[in-house]
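task: produce atomic coordinates for the following.
(one chain, ligands or ions: 1)
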Amino acid sequence: MAEEDVKLLGVVGSPFVCRVQIALKLKGVEYKFVTQDLQNKSEELLKYNPIHKKVPVLVHNERPINESLVIVEYIDEAWKGKSILPADPYQRALARFWAKFIDDKVFGAAWKSVFTVNEEEREKNVKETHEGLQFLEDELKDKFFGGEEYGLVDIAAVNIAFWVPLVQEVAGLQLFTNEKFPKLYKWSQEFLSQPTIEECLPPRDPIFAFFKGRYESLLASAK
Ligand SMILES: N[C@@H](CCC(=O)N[C@@H](CS)C(=O)NCC(=O)O)C(=O)O
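From the prediction side, this is the model:
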């Protein structure tokens, strides 16, 4: 391939950015990480993601791609190496379904369970999170969602493996525990300890402190 110019607009500590970092690492793609200030969005971010104005944005030879799951699929297609999606069309469709399910039905609810001061809303979201996690617990048949090797669904679910345990601790909630979801919990430990994944994870303590601060200011503002 011709000379590559690959930039990732992101922030450290974002589960969505982390997905893209994992995919780039898996394919061995060299890239420049361009840290964004989400309180004061750069011209570059607004230019490359004018619709959502969010990170991650992958810019490949000046062409931007938005939305983490779309980016991960793009990386899989644009670079050779270890495949992220299965080859079989039906299995590919299933992988896309579960990756989307994680965002639509699990992670958002887990996040809202933590970052709310409304008890009713919290309860509703805790219930939804548990229902979503149960579907994933039932779906997990092998070592990884991808089989013997991790793939799109595993990469998508890094938000469940790393971020949900972290933010549940911030609020003292029990969303994703070994007792409730033993298969999924075992998967998360196995997945997070894969060398490529470990290298892409942000340092836990500062991220914990960041979300703890955000949670405490939410509590304070509700008083
Ligand atoms: N659906 C998007 C979500 C990305 C997202 O929520 N990014 C956050 C950082 S973790 C962001 O850029 N937030 C800035 C904002 O909402 O203004 C994806 O999968 O890429």
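
for stretch 20-35, buried residues please.
Neighbour-count burial for stretch 20-35, counted by 16 or more other Cβ atoms under 10 Å, picks out Val20, Gln21, Ile22, Ala23, Leu24, Leu26, Lys27, Val29, Tyr31. Any C-beta I mention is one placed from the backbone N, CA and C, and that applies to glycine too.

what average pLDDT does the helix ranked longest in the chain get?
The longest helix of the chain (DSSP state H) is helix 119-139. For helix 119-139, mean pLDDT rounds to 98.

neighbouring contacts of the very next helix or strand once past it?
Proceeding N to C from helix 119-139, the next assigned helix or strand is helix 152-156, under DSSP states H and E. By Cβ atoms under 8 Å, 6 or more residues apart in numbering, the residues outside helix 152-156 that reach it are 19, 22-23, 68-69, 72-73, 76, 84-85, 95-96, 98-99, 102-103, 144-146, 187, 191.

tell me what the longest helix of the chain is packed against?
Contact partners of helix 119-139 among helices and strands, from 3 or more Cβ pairs under 8 Å, 6 or more residues apart in numbering; DSSP states H and E: helix 89-101, helix 108-114, helix 182-192.

and the angle for it with helix 182-192?
Counting by axes from the mean of the first three to the mean of the last three Cα atoms, to 10 degrees, helix 119-139 lies at 80 degrees to helix 182-192.

with pLDDT and secondary structure as added columns, please give the buried residues of stretch 20-35 in CSV.
Below are these laid out as CSV (pLDDT from 0 to 100; DSSP: H, G, I helix; E, B strand; the rest coil):
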residue, pLDDT, secondary structure
Val20, 98, helix
Gln21, 98, helix
Ile22, 98, helix
Ala23, 98, helix
Leu24, 98, helix
Leu26, 97, helix
Lys27, 97, helix
Val29, 97, coil
Tyr31, 98, coil
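
average pLDDT across stretch 102-111?
Rounded mean pLDDT across stretch 102-111 is 98.

part of a strand, is Asn40?
No. Read with DSSP: H, G, I helix; E, B strand; the rest coil, Asn40 is coil and lies in no strand.
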